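Q: Curious how this folds, go ahead:
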Amino acid sequence: MKNLKSVISNFAKGILIGSAFIGVFSLFTNSTKAQSGGIDLNLDSLQLSRDNDNWVSSLSDLNLNQKVYFFTQFENKGPVTADNVILKLDLPDNTNNVTAKFSIESNSPRNGDSAKGAGEVTAVIKLKESNFRLFYNSDSAKAKGDFDGDGAITEIALGGDLLNGGKNIGSVVSGKNISVTFEGYVIVSGDPKLDTAFAIKSQNSDKVSFMLQLHNTVVGTEAKDVKFKLSTFPESFGKSAKITATGSSQNAGSSSKDVTVTFDKDSSRITYIPDSLKISWDQDGNGANDYNEKSLNDSNLFSSGVSLPDNKILFGCYDYIVYIYFDAKVEYQGTPEIWVDKFVSSKDSDYKDNLENKSFKAGEKIYFLVEFGNKGTADATGVVIKDELPSYVKFDSGEGDYDKNGNTVEYKVDTLKAGQKDEFRFTAKVKDDMVGGCYDNKAKIYANGQDQDKDEATFCLEKEGKVLGVTTLPETGGSPIGLVVAGIMSLLGFGLRRAR
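A: Numbers count the residues shown, from 1 in each chain. A predicted model of the protein is given here:
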């Protein structure tokens with residue numbers, strides 16, 4: 001019985017030992033499988049070049065505006081895809097002795113203890129002057145290769161993320177070589193400063209084309225939230241017009257410039273042509289326009305301002321100038337030229353400017369027609385026609401406002417448009433105490449109080465018959481005493497001749 005218990009006890013121990021061995025073997029097997037299925041990121045050294053051709057591990061004595069080209073590459077040598085691959089760049093901007101650090105990492109499991117899930121490489125760049133700094137060109141940074149193993153080479157822009165916390169480029173399959181390139185250049189340390197230039201690009205009698213330039217004058221700095229706007233175009237007509245363009249930035253100040261348009265003709269002005277606003281801009285200075293006369297929304301051009309496309313920064317370099325174009329239409333007002341013609345008749349028709357062959361008697365009506373117009377190239381405003389009646393006739397009826405004290409008839413027109421012609425008519429009656437003779441009736445036309453033109457019509461008055469011996473006509477509204485004296489002298493002369 002004892003032996004049986006011993007056998008059972010040893011059998012149980014054997015089972016426990018076997019189970020433990022199986023468990024350990026299983027753990028070892030699973031651990032080996034995890035290690036053989038991981039990633040292995042291999043990062044090459046960081047290479048430098050002045051000309052994008054000759055590559056070295058360090059550079060020194062770099063002068064202002066010198067470009068620096070960076071190159072490195074990596075490969076995932078593990079058997080599985082590396083996920084969430086993050087590329088990072090550390091490029092100090094507070095020293096002229098720069099150690100550039102480029103790193104790579106992924107959160108995917110490594111392919112064994114010796115495999116790499118991250119890596120870092122460095123390169124040293126020494127600048128010539130103590131106030132020189134190395135500026136990172138975010139638009140130049142690219143990662144290129146067959147990322148997903150389909151045989152197609154694609155390119156990923158790394159932008160500013162590469163320098164600011166890292167750029168996640170996604171997944172990289174096993175066995176594919178990925179290259180990384182970016183650029184920098186030497187600048188002077190300082191704050192950005194916005195400057196503008198404003199000029200007439202072309203001009204003819206119908207249109208004026210303008211060009212506005214915006215640039216950040218401190219090389220290597222970044223002007224942010226850049227906007228531009230225009231002053232309101234003058235509404236008045238004249239020989240010239242001044243326009244002001246203003247550029248502003250969140251961190252680079254503002255700058256305003258004026259341009260004066262001189263017109264070929266007096267009394268001209270310009271008005272902005274809607275939807276003519278365009279931009280051309282080589283944002284990264286590589287010689288190719290990122291925006292080639294691209295249309296911009298001009299709704300805020302004369303108010304809060306127009307922002308650069310996509311709110312992009314304006315790098316400090318004279319190669320990165322923003323060119324803004326817009327057009328304005330020339331409007332010519334010209335000058336008014338108003339005129340007046342005066343006519344007279346014994347009826348409301350057959351008007352003439354001289355009616356000496358017809359004499360009007362006391363109580364008879366005289367019909368007057370006044371024509372006027374504007375043969376100029378601009379509208380005339382505040383137009384007044386004043387008809388000065390001779391003293392022996394008075395207003396009877398018709399158009400116009402009669403001034404009894406001055407014995408005048410006035411006709412007013414607020415605006416007489418260029419090319420417009422008009423008229424007014426009225427009648428006058430011969431007074432009972434009239435003195436016979438021929439009279440000139442004057443009409444004058446004014447614009448804004450300025451005498452512009454005049455004309456006259458002649459008519460004659462008589463009491464019982466034809467007025468004898470009258471050769472000189474008195475002026476409108478004048479006294480007929482001279483006429484009476486001349487008549488008496490004529491009669492006396494006639495009698496003397498008869499006596500002889």
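Q: would L301 count as being in a helix?
A: No: counting by DSSP: H, G, I helix; E, B strand; the rest coil, L301 is not part of a helix but coil.
Q: That one and L230 touch, don't they?
A: Yes: distance between L301 and L230: 5.6 Å, which falls inside the contact criterion (C-beta atoms under 8 Å). Using the backbone N, CA and C atoms, a C-beta is placed for each residue, glycine as well.
Q: Among these two, which residue is more densely surrounded?
A: L230 (23 against 19; other C-beta atoms under 10 Å).
Q: residue contacts, the nearest residue to Y272 once chain neighbours are set aside?
A: Closest residue to Y272 in three dimensions, ignoring its sequence neighbours and counting by C-beta to C-beta, 6 or more residues apart in numbering: A328, at 5.4 Å. Listed by C-beta atoms under 8 Å, 6 or more residues apart in numbering, the contact set of A328 reads 207-208, 210, 233, 261, 270-273.
Q: switch the cut-off to 6 Å
A: 208, 270, 272 (C-beta atoms under 6 Å, 6 or more residues apart in numbering).
Q: for V393, same thing?
A: 428, 430 are the contacts of V393 under C-beta under 6 Å, 6+ apart.
Q: Mind listing the residues bridging to it?
A: V430 (DSSP bridges).
Q: picking that back up, now, the contacts of A328 that are in strands?
A: 208, 270, 272 (DSSP state E).
Q: Tabulate these (TSV), appending neighbour count.
A: Output for these, formatted as TSV (neighbours: other C-beta atoms under 10 Å):
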residue	neighbour count
V208	22
I270	20
Y272	19
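Q: what number of residues lie near the closest residue to D290 other than its chain neighbours?
A: Distances taken as C-beta to C-beta, 6+ apart place Q283 nearest to D290, at 4.4 Å, with adjacent residues excluded. By the criterion of other C-beta under 10 Å, Q283 has 20 neighbours.
Q: What of L416?
A: So L416, with other C-beta under 10 Å, has 22 neighbours.
Q: Could you check how far it is from F368?
A: 20 Å (C-beta to C-beta, to the nearest Å).
Q: List the neighbouring strands of the top strand by length along the chain plus their orientation.
A: Secondary structure of the chain per DSSP E: the longest strand is strand 132-145. Using DSSP bridges, the strands paired with strand 132-145 are strand 154-157 (antiparallel), strand 177-188 (antiparallel).
Q: any weak-confidence spans in the stretch 401-500 of the chain?
A: 464-500 (pLDDT under 70).
Q: wait, is G160 part of a helix?
A: Yes: according to three-state DSSP, G160 belongs to a helix.
Q: thought it was touching S138?
A: Yes: assessed by C-beta atoms under 6 Å, G160 is found in contact with S138 at 4.3 Å.
Q: of those two, who's got more company?
A: More neighbours surround S138 than the other of G160 and S138, with 20 against 14 (other C-beta under 10 Å).
Q: that older thread, CA atoms only: put the helix or strand hosting the residue nearest to Y272 into PDB for me.
A: For A328, the host element (DSSP states H and E) is strand 322-332. Only the C-alpha atoms of strand 322-332 are listed here, as PDB (Å, rounded to 0.1, in the frame of the first residue of the first chain):
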ATOM      1  CA  VAL A 322       5.400  88.800 -53.300                       C
ATOM      2  CA  TYR A 323       4.000  90.600 -56.500                       C
ATOM      3  CA  ILE A 324       0.500  91.900 -56.400                       C
ATOM      4  CA  TYR A 325      -1.200  93.100 -59.500                       C
ATOM      5  CA  PHE A 326      -4.500  94.900 -60.100                       C
ATOM      6  CA  ASP A 327      -6.100  97.200 -62.700                       C
ATOM      7  CA  ALA A 328      -8.100 100.500 -62.600                       C
ATOM      8  CA  LYS A 329     -10.300 102.000 -65.300                       C
ATOM      9  CA  VAL A 330      -9.800 105.600 -66.400                       C
ATOM     10  CA  GLU A 331     -12.900 107.700 -66.500                       C
ATOM     11  CA  TYR A 332     -12.800 111.000 -68.300                       C
END
